[in-house]
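Novice: pasting the sequence and the predicted coordinates here, then a few questions.
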Amino acid sequence: MRARMIWVAALSLGMFALPAHAQGGLNKVAHDVSSTVKKAGRDTKAEVHRDADKTHHALKDAGNDTKTAAGNATGIHKVGGDVGKAARKVSHASKKTGRSARKSMNSAKSEAHSDLTKSGKDVKKEAKTP
């Protein structure tokens, strides 16, 4: 939403700041705004990716440490039989929860991208029509 406001404001300022005979410069302004928004989006995406990596590794390390501690306490390091089935159910349940959370995050991200794309195209269309 914020990016859309910046986009609209920049285009509006660009159209009104230039005289009628210099409207050709509007494309440069639009290009600069687009480049800035695109760079900001890429930087944000990269930061989210780094945070997700850190979280994943922290959770993986914690899970492995828990397994090691449980194995040391019980003396059973390779789980089979009913215990293994129970462990597998717990593992699959946690993976399913993780997938569900990731799906909802990706859906929200996709929806936001779609909204920004649509609003950008609408602004571009309005700027092109006399």
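Specialist: Cool, got the structure. Numbering: from 1, shown residues only.
Novice: C-alpha only now, for contacts and for neighbours.
Specialist: Noted.
Novice: by contact count, what packs against whichever strand or helix holds residue 28?
Specialist: Following DSSP states H and E, one finds residue 28 within helix 26-74. The contact analysis (3 or more C-alpha pairs under 8 Å, 6 or more residues apart in numbering; DSSP states H and E) places helix 26-74 against helix 2-17.
Novice: in this structure, what residue sits furthest out from the centroid?
Specialist: Ranked by distance from the centre of the chain (C-alpha atoms, centre = their mean), the top residue is residue 75, with 42.5 Å.
Novice: tell me, what's the model's pLDDT at it?
Specialist: Looking at residue 75, its pLDDT reads 77.
Novice: and it, what are its phi and psi?
Specialist: With angles defined as degrees, to the nearest 10, residue 75 sits at phi 80, psi 0.
Novice: where does pLDDT dip in the protein?
Specialist: For the chain, applying pLDDT under 70 flags the ranges 1-24, 79-80, 130.
Novice: how does it look with 90?
Specialist: 1-34, 37, 40-41, 44-56, 58-59, 62-130 (pLDDT under 90).
Novice: and residue 70, how many neighbours?
Specialist: 13 (other C-alpha atoms under 10 Å).
Novice: and whichever helix or strand comes after the helix holding residue 28, how far out from the chain middle?
Specialist: Next along the chain after helix 26-74, taking DSSP H and E as the criterion, comes helix 81-128. Its chain's C-alpha centre and that of helix 81-128 lie 9 Å apart, by C-alpha atoms, centre = their mean, to the nearest Å.
Novice: please report how far residue 35 lies from residue 121.
Specialist: According to C-alpha to C-alpha, to the nearest Å, residue 35 stands 15 Å off from residue 121.
Novice: that should have said residue 25, apologies.
Specialist: Distance from residue 25 to residue 121, counting by C-alpha to C-alpha: 19 Å.
Novice: alright, that wraps it up for me.
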